[in-house]
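>>> 3D model of this:
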Amino acid sequence: MAKAIMIQGTMSNVGKSLITAGLCRIFKQDGYRVAPFKSQNMALNAYITEDELEMGRAQAVQAEACGIAPDVRMNPILLKPTTDMVSQVIINGRVVKNMKATEYFKKKMDYIPVIEKAYKELSEQYDIIVIEGAGSPAEINLKQNDIVNMGMAEMADAPVLLVGDIDRGGVFAQLAGTLMFLDEEEQDRVQGMIINKFRGDKKILEPGLEMLQERCGKSILGVVPYANVDIEEEDSLAESLQNKKIVVRSLDELERILDIVVIRLPHISNFTDFNPFALENTVSVRYVDRAAQIGQPDAIFLPGTKNTIEDLRWLRAVGLETAILRCHQRGSLIFGICGGYQILGNSIEDMDGMECKDAIRGMGLFPMKTVFRRDKTKSRVDGPAGSFGSGFGMLSEQRITGYEMHMGKSIFPDGRENVGAAGDCRRNVMGTYVHGIFEEDGFRSSFVTLLCREKGIALEGEEKEKKLAYQEYKGQQFDKLARVLRENLDIKKIYQIMGIEG
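Got it, this is the predicted structure:
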């Protein structure tokens, strides 16, 4: 059976996912067969595996850090919130039903055999399993029948490393307070503490570290600096979703930058679709949630959403629909992905109540209606783009890879159902159901070239040189994260905690 280590945090967004990914990369570099595991993930960022099963995207990213294909056993339970009180429950990659929080809380113990089976199978296949917790293990109202933090640690008999976030302040109280609310047996499982996202001189911290270690009786395994690594983050707390201004040094530089806006929908999902634009020197990506922030960008993306109808209502209520249509009339390219693609149609019908049992008029930029059905479309896509037509020929010639993952089918007046197709376009409107479409370097580069041509930017010099492939870029970022952790954590001690010597 594999050796195990579990990463828990004092709260959400302390960096558990990144610490997990970094340790996965280190163990891989050191020659071990390693896999990630998270028994239950609540996330709107999801991934479709090669066998067309759905799992949390964070565990898919961690699998990449391990150098292995994502496997649904790495995340046997996925909860995708549709409202504040209801989530779509996905077990072993397949949708079970939408449940209210109270219903799921009563049923979750029934899923323990699912978790145990998935973990056991991975443990028999790999040398090391790096387990990630969720939120905080000290949520005393949720500790009963826990299956994702200390309950999972007990199932796997895994030692725990507790991570605190110094960037938000109060890290000593975070760590000490979390330990205080754990049972004695749970406290014994915590074999070390990590302070994450530090900025400044570590010497200033030393008196506090000594006192914390003395008060808690736990080793401080390291202080990790705020790492400047470009690795996918998880859900709404991700920093990439904060509105960022375009920073330029001259008017000429501003004229050579493509301004891409992503609408930050309340139920935004798979916003990582836009991460690959980080490789494009001529592109700036901004996330906006107010009409006043839009301006006149070169392109506007409507991303995926877990509640399409409610997010369309929100677009109307805050004036963003009017602002987007105005930009469209002035020539901005409007591009919808998944739920954002559905929003661009004439209407959306959800009479079976998959989201909110209602029907609504769409933005009217595509002549299609979307009808939600009980069956969920989940499939991998790999092949020529093909269906991007006249005016977008350079895109149609490119290969794309990615995956579909949505409720509903979009039906055109001629009866055609757009499921499985790469995309649609008409004038300056484009749409697709395919997530991850911009990870394919040729397609992304052609898309940027198309926008540059529309703006009158001639790509010369550095922009014409061969760019780093996105997969290679991601590998470099994993290695960079591993290097940061090696330099700032006691990796030898972590191996010893797992029972691996030498």
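
>>> residues in a beta bridge with D424, which ones?
G431 (DSSP bridges).

>>> state the mean pLDDT of stretch 181-194.
This predicted structure assigns stretch 181-194 an average pLDDT of 96.

>>> in it, what's buried?
When neighbours are counted by 16 or more other C-beta atoms under 10 Å, the buried residues of stretch 181-194 are found to be 182, 186-187, 189-194. Using the backbone N, CA and C atoms, a C-beta is placed for each residue, glycine as well.

>>> now swap in stretch 436-454 and tell me
436-441, 443-452.

>>> dump stretch 325-334 to CSV, restricted to CA.
As requested, the backbone C-alpha atoms of stretch 325-334 are provided in CSV (Å, rounded to 0.1, in the frame of the first residue of the first chain):
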residue,chain,number,x,y,z
LEU,A,325,-24.5,44.4,-27.0
ARG,A,326,-23.2,47.9,-27.5
CYS,A,327,-19.6,46.6,-27.8
HIS,A,328,-20.8,44.1,-30.3
GLN,A,329,-22.4,46.8,-32.4
ARG,A,330,-19.1,48.7,-32.3
GLY,A,331,-17.1,45.7,-33.5
SER,A,332,-15.9,43.9,-30.4
LEU,A,333,-15.8,40.1,-30.9
ILE,A,334,-18.2,38.3,-28.5
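
>>> how distant is it from the center of its chain?
Averaged C-alpha coordinates place stretch 325-334 at 28 Å from its chain's average position (C-alpha atoms, centre = their mean, to the nearest Å).

>>> returning to what we had before: what's the closest of the buried residues of stretch 181-194 to I26?
For these, the residue nearest I26 by C-beta to C-beta is I194; the value is 13.6 Å.

>>> measure the closest one to G499 for me?
The span separating I194 from G499 equals 19 Å under the rule C-beta to C-beta, to the nearest Å.

>>> and if you look at Q187?
If you go by C-beta to C-beta, the gap between Q187 and G499 works out to 20 Å.

>>> what average pLDDT does stretch 148-163 get?
When pLDDT is averaged along stretch 148-163, the result is 97.

>>> and it, how far apart are its ends?
The first and last residues of stretch 148-163 sit 16 Å apart, counting by C-alpha to C-alpha, to the nearest Å.

>>> check which residues of that stretch are buried.
For stretch 148-163, the neighbour count (16+ other C-beta under 10 Å) marks 148-153, 155-156, 158-163 as buried.

>>> tell me the one of those nearest T377?
Within those, proximity to T377 (C-beta to C-beta) peaks at V148, which comes in at 28.0 Å.

>>> just checking, what packs against the helix or strand harbouring E116?
Here E116 is covered by helix 112-125, with elements defined by DSSP states H and E. With contacts defined as 3 or more C-beta pairs under 8 Å, 6 or more residues apart in numbering; DSSP states H and E, the packing partners of helix 112-125 are strand 34-37, strand 128-132, helix 150-156.

>>> returning to what we had before: may I ask which two of the buried residues of stretch 148-163 are separated the most?
Between any two of the buried residues of stretch 148-163, the greatest separation by C-beta to C-beta is 20.3 Å, found for M155 and V163.

>>> circling back: can you put the buried residues of stretch 148-163 in JSON lines and add distance to I457?
Compiled in JSON lines, these are given as follows (distance: C-beta to C-beta, whole Å):
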{"residue": "V148", "distance to I457": "48"}
{"residue": "N149", "distance to I457": "50"}
{"residue": "M150", "distance to I457": "55"}
{"residue": "G151", "distance to I457": "55"}
{"residue": "M152", "distance to I457": "51"}
{"residue": "A153", "distance to I457": "53"}
{"residue": "M155", "distance to I457": "56"}
{"residue": "A156", "distance to I457": "53"}
{"residue": "A158", "distance to I457": "53"}
{"residue": "P159", "distance to I457": "54"}
{"residue": "V160", "distance to I457": "52"}
{"residue": "L161", "distance to I457": "48"}
{"residue": "L162", "distance to I457": "49"}
{"residue": "V163", "distance to I457": "44"}
